[in-house]
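**Q** I need the structure of the sequence given here:
(one chain, ligands or ions: 1)
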Amino acid sequence: MAKKKIALIGGGQIGGVLAQLIGLRELADVVLFDIVEDMPQGKTLDIAEASRVDGFDVSLKGTNSYKDIAGSDVVIITAGLPRKPGMSRDDLLTTNAKIMKSVAEGVKENAPDAIVIIISNPLDAMVTLFQKVSGFAHHKVIGQAGVLDSSRFSTFIAWELGVSVKDINAMVLGGHGDTMVPLVRYANVNGVPVMELLERKYGDAAKAKEVMDAMVQRTKMAGGEVVKLLKTGSAFYSPASSAIAMAEAILGDQKRVLASCVYLNGEYGVNGYYVGVPAVLGENGCEKILEVTLNDEEQAAFDNSVSAVTNLVADMERLGF
Ligand code: A3D
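**A** Prediction:
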């Protein structure tokens, strides 16, 4: 079987970890693109020089030329500025929209058949803009946010219950901002509702709700928590791992159900916007959207999150993108 090829656009913090993870998993050959001269070449050289020790064998090429991404099966985009302490993701809109426009043009020209995973913030707007500029089919342009937000939620639940995070199933829907919607009612430990386990632990429904509310709030603010601690830049290990799970699902045609920022065409009552929902990822990108029944409270939270996304996209359009 011919080796697959992944192009990484943006060779910063997340881009570097992505390249290393792809190498360690022997997932594909890697091209790491950045506009900064020599830096992507330096990073790929460094990672390649670990390949004997780690025992992996893939080609790793750093570049400043879009021509090198030709033939990529998957393109993962992290180009753009990260947040500084005190900034919201939306504060990045103007700068990153300019960057995303140029990236979409480069990818369209050089890797027109690729499936594209976007990580750059503000996520929902950047996915929308990439698709608009590239003209790629909607199902081939997907945003990474929900895998990470769901993993953060799962991590907090595992810590609270003192069980392995591997046994937690929890999902976060909506936009990748403070309005995101962790789905409490569906969160479970190997099928057992998390709320039931919290009520047993505390012997008190009100206390269990209070504990869950705090985990939901921490999940919504989890990106900011890391930004505040790091002082420069934002989370990079966990977003890279999350995008790798999506790339693996696509390259391996795994049909994994991963919360992803995908284009909604009437699903969840949303028409014509990219929003985070459970999606089946396989060789064609987003192959199916799973609709989850939401109760009134969940639906209201989801609608609120969709409004935040539509407002963000409207702001971007007002700025001329
Ligand atoms: P950083 O380490 O600054 O890397 C960004 C890279 O983009 C730098 O190396 C830049 O040189 C490069 N770049 C700038 N302009 C261009 C261009 N025109 N073409 C190609 N490359 C360019 O940031 P990072 O890797 O920490 O984060 C990257 C993005 O991901 C930021 O926008 C973050 O806000 C975002 N992010 C998203 C999540 C999600 O879960 C959605 C999580 C964490 C960070």
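**Q** how near is the residue of the stretch 151-300 of the chain found nearest the ligand to Phe156?
**A** Nearest residue of the stretch 151-300 of the chain to the ligand, counting by Cβ to the nearest ligand atom: Pro239, 3.7 Å away. C-beta: built from backbone N, CA, C; applies to glycine. Per Cβ to Cβ, to the nearest Å, Pro239 is found 17 Å from Phe156.
**Q** compare these two (neighbour count), which wins?
**A** More neighbours surround Pro239 than the other of Pro239 and Phe156, with 26 against 22 (other Cβ atoms under 10 Å).
**Q** which residues touch the residue of the stretch 151-300 of the chain closest to the ligand?
**A** 14, 78, 119, 144, 148 (Cβ atoms under 8 Å, 6 or more residues apart in numbering).
**Q** host element of it?
**A** Secondary structure from DSSP states H and E places Pro239 in helix 237-251.
**Q** who's in contact with whichever residue of the chain sits closest to the ligand?
**A** Scanning the chain for the residue nearest the ligand gives Gly12, at 1.8 Å (criterion: Cβ to the nearest ligand atom). By Cβ under 8 Å, 6+ apart, Gly12 lies in contact with 34, 78, 82, 236.
**Q** who wins for most neighbours among those?
**A** Thr78 (28 neighbours).
**Q** does that residue really touch Gly15, like I thought?
**A** Yes. Using Cβ atoms under 8 Å, Thr78 is in contact with Gly15, at 4.9 Å.
**Q** so what sits against both of the two?
**A** If you check Thr78 and Gly15 against Cβ under 8 Å, 6+ apart, the residues they both contact are 8-9.
**Q** for the stretch 101-250 of the chain, what lies in contact range of the ligand?
**A** 102-103, 119-121, 123, 144-145, 148, 176, 233-236, 239 (Cβ under 6 Å from any ligand atom).
**Q** can you pull the contacts of the residue lying closest to Gly146 once chain neighbours are set aside?
**A** In space, and not counting its chain neighbours, Gly146 is closest to Ala259: 2.6 Å by Cβ to Cβ, 6 or more residues apart in numbering. Going by Cβ under 8 Å, 6+ apart, Ala259 touches 145-147, 149-150, 171-173, 276-279.
**Q** quick check: angle from the helix or strand containing Ala259 to helix 237-251?
**A** Element membership for Ala259 (DSSP H and E) is strand 256-265. Angle, strand 256-265 to helix 237-251, by axes from the mean of the first three to the mean of the last three Cα atoms, to 10 degrees: 80 degrees.
**Q** list the buried residues of strand 256-265.
**A** 256, 258-264 (16 or more other Cβ atoms under 10 Å).
**Q** and the furthest pair within those?
**A** The two members of the buried residues of strand 256-265 with the most space between them (Cβ to Cβ) are Arg256 and Leu264, at 19.1 Å.
**Q** and the pLDDT for the residue of the stretch 151-300 of the chain closest to the ligand?
**A** If you check Pro239, the pLDDT there is 98.
**Q** got the domain ranges for this protein?
**A** For the chain, automatic domain parsing gives the domain ranges 5-143, 146-321.
**Q** top of the contacts of Pro239 by neighbour count?
**A** Going by other Cβ under 10 Å, Gln144 tops the contacts of Pro239 with 31 neighbours.
**Q** show residues contacting stretch 46-65.
**A** 3, 11, 16, 19-20, 22-37, 39-45, 68-69.
**Q** hmm, back to that, deepest-packed of the domains of the chain, please.
**A** domain 5-143 (a mean of 21; mean count of other Cβ atoms under 10 Å).
**Q** so where do the strands sit in the chain?
**A** 5-9, 29-33, 60-63, 74-77, 115-118, 141-143, 168-169, 172-173, 181-182, 188-189, 192-193, 256-265, 271-282, 285-289 (DSSP state E).
**Q** done for today, thanks.
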